[in-house]
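*Asks:* give me the fold of what follows.
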Amino acid sequence: MTTIKPATSERNTFVSQRANSIAPSGIRKFFDLLASIDDVISLGVGEPDYTTPWNIREAAIYSLERGRTMYTSNIGMPELRKELSLHLEQCYGLHYNPDSELLITVGVSEALDLAMRAIINQGDQVLMGAPCYVAYPASVLLSSGEPVMIPTNEANCFELDPMHLESAITPSCKAILSGYPANPTGAVLPRKKMLQIADAARRHNLIVMSDEIYSNLVYGVEHTCFASLPGMQERTILMGGFSKAYAMTGWRIGYAAGPREIISAMTKIHQYTIMCAPTMAQVAAIEALRNGNNSMKEMVADYNRRRQLIVSGLRNIGFSCFEPKGAFYAFPNISITGLSSEIFAEKLLQEERVAVVPGTAFGQCGEGYVRCCYATSVPELEEALVRIKRFVSNHR
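*Replies:* Numbering: from 1, shown residues only. Below you'll find the model as predicted:
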């Protein structure tokens, strides 16, 4: 008789070691708690509070009415790739062949995953600044690589120090992952430092993966595209998308641009895992590139007003708060309360119904900070500041 052994928690053989090695997202873990509490002002979710502009929605609706519901080319609709190629040339002076150097993806998240799997071999190291977006180290680990975190700090405007980066380079290093404008800090890396990082990448023969999803959301500074730096287009995987600038988070549409051989490798993985990005989302992206600029500028101007409001309000409460130059996040230092980032966020949610994200969700060097997304209405921001001030008064 065959004996069937009962499953035990000590012997879970069905989940891979790689999957077990990844911690749950610190952001999503926190929002499980948020979902159980009513009347919350959320400064947590990193997405615009705007609805996608009507002309973009209308383009997608019209495409559906015409029955455009079939697969597209694996690499994306030719019209979208041509518009994107033109856009990158007009904005940054970069020419990408739309048939071999551009890939339309399901958001920047897929582009990041594909880039990692296309270039990383087991044990390869990827350098990145911290605190950083939660998916960065996880994407490296899921590709059997090793993320190497290089701490940044408030005193240095959360800018990645090129000297610190270079000192971390070893023979195992394969790539640098850059994410500016930055989530969660709102930092923008100056061109001078980018040039120094580019020089290190050339001298050590490293690939740069540049996540520029917030490229259009900058305030009083100019965004520099990493691939536009001298000699860097040939060793940069540029990743961008439509979610933030055009209020299109739920459409899940992004892109990767890079050297032909790397885009080809990414496309092979994309073919087997995704097939193609959603057709109606691609149609919407075409309209965004052609006619979405005015709406985008209006949203960015409004974010700038909210940015000034929240930074001033947090400082008036008594927090040290770096002035973000990009994206739509403030990253205040909450150490005056004596609470850890996680306890601060939990208690603020429970006691005052305001949701923020603990800084530790973005790496251990985020301890002592919380992320506040100001892509919400001015009345809600003002009320949130009143509640946070009351909370701090009760915990000092």
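*Asks:* for the record, mean pLDDT for stretch 289-302?
*Replies:* For stretch 289-302, the mean pLDDT works out to 98.
*Asks:* list the buried ones in that stretch?
*Replies:* Buried residues in stretch 289-302, counted by 16 or more other Cβ atoms under 10 Å: 289, 292, 295-296, 299-300, 302. (C-beta placed from N, C-alpha, C; glycine too.)
*Asks:* could you redo those as CSV and give each row distance to residue 184 and secondary structure?
*Replies:* Below are the buried residues of stretch 289-302 laid out as CSV (distance: Cβ to Cβ, whole Å; DSSP: H, G, I helix; E, B strand; the rest coil):
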residue, distance to residue 184, secondary structure
289, 28, helix
292, 26, coil
295, 26, helix
296, 22, helix
299, 20, helix
300, 19, helix
302, 20, helix
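*Asks:* determine which two of those residues are furthest apart.
*Replies:* For the buried residues of stretch 289-302, the farthest-apart pair by Cβ to Cβ is 289 and 302; their separation is 21.2 Å.
*Asks:* hang on, the earlier thing: output the buried residues of stretch 289-302 as CSV; include the columns distance to residue 107.
*Replies:* Shown next, in CSV, are those (distance: Cβ to Cβ, whole Å):
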residue, distance to residue 107
289, 16
292, 17
295, 20
296, 18
299, 19
300, 20
302, 23
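*Asks:* where do the helices of this protein begin and end?
*Replies:* Remark: helices assigned in the chain by DSSP state H are 17-20, 26-34, 54-65, 78-92, 107-119, 135-142, 162-167, 191-203, 260-273, 279-291, 293-317, 341-352, 378-393.
*Asks:* ok now the first one, how far from the chain's centre?
*Replies:* To tie it back to what came earlier, the one meant is helix 17-20. Counting by Cα atoms, centre = their mean, to the nearest Å, helix 17-20 is centred 23 Å from the centre of its parent chain.
*Asks:* pLDDT of that helix, averaged?
*Replies:* Mean pLDDT, computed over helix 17-20, is 84.
*Asks:* count the neighbours of the spatially closest residue to residue 369 that is not a sequence neighbour for me.
*Replies:* Nearest non-adjacent residue to residue 369, counting by Cβ to Cβ, 6 or more residues apart in numbering: residue 359, 3.4 Å away. Here the count is done by other Cβ atoms under 10 Å, and residue 359 has 28 residues near it.
*Asks:* find the nearest non-adjacent residue to residue 260, please.
*Replies:* Using Cβ to Cβ, 6+ apart, the closest residue to residue 260 is residue 100 (4.8 Å).
*Asks:* what are the buried residues along stretch 150-166?
*Replies:* 150-152, 154, 157-162, 165-166.
*Asks:* of those, which pair is most distant in space?
*Replies:* Between any two of those, the greatest separation by Cβ to Cβ is 22.2 Å, found for 154 and 166.
*Asks:* of the helices of the chain, flag the one that's most buried.
*Replies:* Mean neighbour counts were compared across the helices of the chain using mean count of other Cβ atoms under 10 Å; the top stretch is helix 107-119, at a mean of 24.
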